[in-house]
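>>> Any chance you could fold what I've pasted below:
(chains A and B)
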There are 2 protein chains.
Amino acid sequence: MADRRRMSLGASIRGLGYHTSAWRHPNVLPGASESLSHFTEAARIAAAAKFDMVFFADGLAVRGNDRPAGALSHSHENVELEPTTLLAALAVQTRHIGLVATASTSYNEPYHVARTYASIDHISGGRAGWNAVTSWSEQEALNFSREAHYDRETRYERADEFIEVVRKLWASWEPDAFMHDRKTGRFYDPEKLHAADHRGHFFRVRGPLTSSHTPQGQPVIFQAGDSERGIALAARHAEAVYTIPQTLEDCIRHRKAMDTAAARFGRAPGSVRILPGVQIVTGRTEAEVAEKLMLYDEIADPVIAMARAWSEYGDLSGYDLDAPVPADLQSSDRVSAMRHLGERAKAEGWQLRRLLREYGAGSLRVLAGTPDKIAAEMQEWFGSGACDGFNILPQHLPGGLADVTELVVPILQERGLFRREYEGGTLREHLGLPAAAAVG
Amino acid sequence: MADRRRMSLGASIRGLGYHTSAWRHPNVLPGASESLSHFTEAARIAAAAKFDMVFFADGLAVRGNDRPAGALSHSHENVELEPTTLLAALAVQTRHIGLVATASTSYNEPYHVARTYASIDHISGGRAGWNAVTSWSEQEALNFSREAHYDRETRYERADEFIEVVRKLWASWEPDAFMHDRKTGRFYDPEKLHAADHRGHFFRVRGPLTSSHTPQGQPVIFQAGDSERGIALAARHAEAVYTIPQTLEDCIRHRKAMDTAAARFGRAPGSVRILPGVQIVTGRTEAEVAEKLMLYDEIADPVIAMARAWSEYGDLSGYDLDAPVPADLQSSDRVSAMRHLGERAKAEGWQLRRLLREYGAGSLRVLAGTPDKIAAEMQEWFGSGACDGFNILPQHLPGGLADVTELVVPILQERGLFRREYEGGTLREHLGLPAAAAVG
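Numbers count the residues shown, from 1 in each chain, chains lettered A, B, ... in the order given. Coordinates of the predicted model:
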């Protein structure tokens, strides 16, 4: 069991990095987003630094399909490996690090998701995590025989029942169900096999699952986002939450809301690990950091920034880029990170040009500075109790991740904030989580 | 490209082996069916012998759930790894051998299947194959919010459209779509990206897929079974078919029916590779073979044999086991292998006891004998043009497979019937298949 005074660190290694034009970075291979060796390298960098996990976001459509013509073809975010097959391959390429991937509760069947993540848990020896999301885009609905995406209420109700079914299926076999008694021919004890017998509003699933009790008992359940409905969902089911706050105050507010919501399900404060995402840019000196930031600015593509803004606010081409962000811009409210960034821009009186630049950089919180400065800020957030660690979103891969592991992690280790060696073999142990509870 | 006078060999390495009580064999680890190292060992045995592929059948429910109480708990076929995650892990553990897994067209979405197998093709460098099946059991329906399985006609219509959608999605990106032009910011040429825009009876799928053109162009499409409806489906879509004939005459009949059906889609005779499944039991001498057969008889579990018969014919407990198989037994007609075996039993006047023993052994065709005898029979089938090779179903794993690779394969190699070294890097090349055609 990990020492709970230590922080958890995840590495989000989807694609080529979180900068929207990461592929134009001179140290990035533009074709690498379907290359196993690219992800193996990134995962091994994170594992060598003793990260808790690698983390894969996911979507079920070519992104930006809804954006103005021309913008889509500038984006590298259009082809990628399917994350559960990628996770299974990375299970072989690594030994200790946790392996977390996203799967949608809107466009999947609980039996498949339960089975796939249980299988990864078996293959990896207890390192699997499932990030349950409700999906957000119309584009995804159109790939699954629907005319439109589910409305927010429906998709959260469906998500709640979906996760409930998955958890019931994971409890199909008791840990000691197998007798393997060659003489009597008894392979298992039928008293220790349980059907799910779920009959709900969205799903009827009999079970049992064709997976025995996994090394972790059940894979770790993640949830992403921090909407009110998302917090309610996480409070019942999630063991860790990936959030995208812009400020420490936002993060503290979220922690409190999560603890309050979780208490309703009899869960103690802090039961749900909170891991804000942060895009770190660091270098040995202030000058090196400035140089890196300038390079990211240079490769940023105004076509993509405008397209992202378009998907959030509609057409902005009539606006003055040097004027403050107009107060009447209405968020589409689909992606929390985009909404948060817009709110911050209005609150801090940014020019529209700066908001667009941040969209180009990836729209999450960018933390830039020397390693000492970065470590100090991480320590402040962690020490305040606002979060249990961080999900690192490198601007480009694998270089942006290596900067963090080489420059920042040793400082965190020196200060006793982060492990120097793995102390457990499972993701659950890395995160200091107890054995999985029965569905409540 | 493989020499077409050479046969293809696949190894079916699902679970612990095809004997229904394989787990009771002294050389089998009963807990290995969720162990990656077990499948790695079997896959490496097949790869060392230069097999075209390993092959995983699959089902979406605990098997035997519909059988008399007590029987289920004698079966090892109740827990297993999810096959696409297993394939991705085996892609890392092997270098050349093809990797084929089953996915149901009745209880999946085409977008997921297209994406998952494309991903495995990328991860494995062009070794993926998809065995498309329509599923057969009520038990599976109950895990996917349905009260009953689709009727035969509906599930074959759905399968036809399902595979059509998958093939359209695999053609989303032209092979040279990616420009990666850092200067202009153009990541790809939008003229070379194509939406599927499929609007059919069962599915509406816009696409495009988030996978580029894969190393094989598209994973190889397999189909299993030899019903009339199955042949019609395979004639349009399949590149290889896994069949389960009991006799050479059956196999020749199937080859002719397949060629006739494929001609309707403008496909030349032999376009669809035919790979009958065979359970081989071999040893250095006749005495060793007899000893092995006796051991399989000893471990065979009458409880399972009766349960299998029950699922095929209903309750047989009132029948005389020493009388011939009654002519009025009606097949449930769900599993071709079971039906074929029953037909053969009636035609050859078996006692009911022998039919039950064959069910216990696995209900497929068992070919037992010294290596010379086995090789001669394989040569006869292959030389007659009835088939393009074989899918080997070992009675127990990995030992039963090693018997074949150590004793039989060298004879086939000496006779020039099977390769001594891999000549290509992809499954398509191993099978001597051309590049994938556009959906017709």
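
>>> can we go C-alpha only for contacts and neighbour counts from here?
Noted.

>>> which residues of the stretch 301-440 of chain A fall in helices?
With DSSP state H, counting those that start in this stretch, the ranges of helices along the stretch 301-440 of chain A come out as A:302-313, A:336-347, A:352-361, A:371-383, A:399-403, A:409-414, A:427-430.

>>> which one of those has the most crowded surroundings?
The highest average neighbour count among the helices of the stretch 301-440 of chain A, using mean count of other CA atoms under 10 Å in any protein chain shown, belongs to helix A:427-430 at a mean of 25.

>>> what's the following helix or strand after the helix ranked longest in chain A?
Longest helix in chain A, counting residues (DSSP state H): helix A:152-170. Next helix or strand after helix A:152-170 toward the C-terminus (DSSP states H and E): strand A:178-181.

>>> other SSEs contacting that following strand?
For strand A:178-181, the helices and strands in contact under the criterion 3 or more CA pairs under 8 Å, 6 or more residues apart in numbering or on different chains; DSSP states H and E are strand A:186-188.

>>> Identify the neighbouring strands of whatever helix or strand comes next after the strand it packs on in the sheet and state each direction.
Using DSSP H and E, the helix or strand that follows strand A:186-188 in sequence is strand A:198-199. Strand pairing for strand A:198-199, determined by DSSP bridges: strand A:204-205 (antiparallel).

>>> can you tell me the average pLDDT over the strand it pairs with?
Averaging pLDDT along strand A:204-205 yields 98.

>>> can you check stretch A:85-94 too?
Averaged over stretch A:85-94, pLDDT sits at 98.

>>> Is that stretch in proximity to chain B?
Yes. For a cut-off given as CA under 8 Å from any CA of the partner chain, stretch A:85-94 has contacts with chain B, namely A:Thr85, A:Leu86, A:Ala88, A:Ala89, A:Leu90, A:Ala91, A:Val92, A:Gln93.

>>> Just send the helices of the stretch 301-440 of chain A back as a markdown table, with mean pLDDT too.
Converted to a markdown table, these look like this (pLDDT from 0 to 100):
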| stretch | mean pLDDT |
| --- | --- |
| helix A:302-313 | 80 |
| helix A:336-347 | 83 |
| helix A:352-361 | 80 |
| helix A:371-383 | 97 |
| helix A:399-403 | 98 |
| helix A:409-414 | 98 |
| helix A:427-430 | 97 |
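
>>> Tell me which of these lies nearest to chain B.
helix A:302-313 (8.8 Å; CA to the nearest CA).

>>> Confirm A:Thr85 sits in a helix?
Yes. Counting by DSSP: H, G, I helix; E, B strand; the rest coil, A:Thr85 is located in a helix.

>>> returning to that earlier point: the longest helix of chain A close to chain B?
No. Counting by CA under 8 Å from any CA, chain B has no neighbours in helix A:152-170; the shortest distance is 10.2 Å.

>>> which of the residues in that helix are buried?
By neighbour count on 16 or more other CA atoms under 10 Å in any protein chain shown, the buried set for helix A:152-170 is A:155-156, A:158-170.

>>> Centre of the chain to that helix, how far?
18 Å (CA atoms, centre = their mean, to the nearest Å).

>>> out of the residues of stretch A:85-94 next to chain B, which are inside strands?
Using DSSP state E, no member of these falls in strands.

>>> What about those, which are in helices?
A:Thr85, A:Leu86, A:Ala88, A:Ala89, A:Leu90, A:Ala91, A:Val92, A:Gln93.

>>> For the fourth one, which non-adjacent residue is closest in space?
For A:Ala89, the nearest residue in space outside its immediate sequence neighbours is B:Ala89; the separation is 4.5 Å by CA to CA, 6 or more residues apart in numbering or on different chains.

>>> cool, and the fifth one?
Excluding the flanking residues, the one nearest A:Leu90 by CA to CA, 6+ apart is A:Thr40, at 6.4 Å.

>>> Measure how buried the one you found is and give me the count.
By the criterion of other CA atoms under 10 Å in any protein chain shown, A:Thr40 has 19 neighbours.

>>> elements contacting the strand or helix carrying it?
In this structure, A:Thr40 sits in helix A:36-48 according to DSSP H and E. Judged by 3+ CA pairs under 8 Å, 6+ apart, helix A:36-48 is in contact with strand A:53-56, helix A:83-93, helix A:399-403.

>>> possible to save these as TSV with distance to A:Ser384?
Output for these, formatted as TSV (distance: least, CA to CA, whole Å):
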stretch	distance to A:Ser384
strand A:53-56	23
helix A:83-93	33
helix A:399-403	25
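
>>> Go through these and name the closest to B:Ala196.
helix A:83-93 (22.2 Å; CA to CA).

>>> which of the residues in the closest one are buried?
A:Pro83, A:Thr84, A:Thr85, A:Leu86, A:Leu87, A:Ala88, A:Ala89, A:Leu90, A:Ala91, A:Val92, A:Gln93.

>>> Alpha carbons of that helix, as CSV, please.
Provided in CSV are the C-alpha atoms of helix A:83-93 (Å, rounded to 0.1, in the frame of the first residue of the first chain):
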residue,chain,number,x,y,z
PRO,A,83,-6.9,2.2,-26.5
THR,A,84,-7.8,-1.3,-25.0
THR,A,85,-5.7,-3.1,-27.6
LEU,A,86,-2.9,-0.6,-27.1
LEU,A,87,-3.1,-1.1,-23.3
ALA,A,88,-2.9,-4.9,-23.7
ALA,A,89,0.2,-4.5,-25.9
LEU,A,90,1.7,-2.1,-23.3
ALA,A,91,1.0,-4.6,-20.6
VAL,A,92,3.6,-6.8,-22.2
GLN,A,93,6.1,-3.9,-22.7
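
>>> anything in the helix or strand following it near chain B?
Proceeding N to C from helix A:83-93, the next assigned helix or strand is strand A:98-104, under DSSP H and E. No. Using CA under 8 Å from any CA, strand A:98-104 never reaches chain B; the gap is at least 11.0 Å.
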